[in-house]
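Undergrad: no sequence for this one, just the structure:
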């Protein structure tokens, strides 16, 4: 018989999942057998795939500049490297932005000069598996959102009361059409563990907004609504 689990959200201050991966990327020489010369390559020194946007100083194809700054993008598997058919240039400096899970969000505009933020990535550890909640209903005053997910024979109903998560920005909550939680087999049916996982995911979304607001010029309008930024001021 299927199990029904109802979860009501309250604030949880769990750690955010880091997705910045610039520390994984190095620029190293590699042999270009096609052209019979040494070229430069972007190497991923980490075990997980990294998503990279890059460019080199100078004009022409692949040069840095314009609203988006980076003119090229690629994903590099763990412990692998990337170079184009004709190689990366050996002379000009190569600039890059790198993240786990998703391509970096680059801040548009010449004043940003390649500044970026990594989108939040929830990676389940060990034997935990993701449970994805979809929004199925919002109350008339938009204060209570109801989400539902099914994993195996367990159906979760998650009620998110906006008044109980005041440290999460309204922008995050309004745009949370889906939520994720990592649940280990022994945690299936454990309301507290599922609730904590969902709140942890919201904290990753919040951290991303804080990174955007701290680096983007000009700031998006929603930055004024972020509680933590307001307290800093």
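TA: Perfect, I can see it now. This one's a predicted model, so the numbers in the text were calculated from it and none came from an experiment.
Undergrad: For the residue nearest to residue 211 when sequence neighbours are not counted, name its beta-bridge partners.
TA: Excluding the flanking residues, the one nearest residue 211 by Cβ to Cβ, 6 or more residues apart in numbering is residue 117, at 4.0 Å. No exception for glycine: its C-beta is placed from N, CA and C like everyone else's. With DSSP bridges as the criterion, residue 117 is bridged to residue 105.
Undergrad: count of neighbours near residue 117?
TA: 23 (other Cβ atoms under 10 Å).
Undergrad: repeat for residue 161
TA: Residue 161 has 13 neighbouring residues, counting by other Cβ under 10 Å.
Undergrad: ok so, going back, next one: the residue nearest to residue 211 from residue 56, what distance?
TA: Relative to residue 56, residue 117 is positioned 22 Å away (criterion: Cβ to Cβ, to the nearest Å).
Undergrad: Show me which positions of the helix or strand harbouring residue 209 end up buried.
TA: Using DSSP states H and E, residue 209 falls within helix 191-215. For helix 191-215, a neighbour-count test (16 or more other Cβ atoms under 10 Å) marks 193-213 as buried.
Undergrad: Over to stretch 56-69?
TA: Those would be 56, 62, 64, 68-69, for stretch 56-69 by 16+ other Cβ under 10 Å.
Undergrad: Any idea how far it is from the middle of the chain?
TA: 25 Å (Cα atoms, centre = their mean, to the nearest Å).
Undergrad: ok so, going back, centre of the chain to the helix holding residue 209, how far?
TA: 10 Å.
Undergrad: wait, residue 69 sits on residue 111?
TA: No. In this structure, residue 69 is not within contact of residue 111 by Cβ atoms under 8 Å, at 10.6 Å.
Undergrad: still on that earlier bit, which strands and helices lie in contact with the helix holding residue 209?
TA: Here helix 191-215 touches strand 3-8, strand 116-117, strand 129-138, strand 154-161, helix 170-174, strand 178-183, helix 227-232, going by 3 or more Cβ pairs under 8 Å, 6 or more residues apart in numbering; DSSP states H and E.
Undergrad: what does the average pLDDT come to for the first one?
TA: When you say that, I think you mean strand 3-8. The pLDDT scores in strand 3-8 average 40.
Undergrad: how about low-confidence regions in the protein?
TA: 1-18, 85-87, 139-142, 187-189, 227-233 (pLDDT under 70).
Undergrad: same thing but 50
TA: 1-17, 230-233 (pLDDT under 50).
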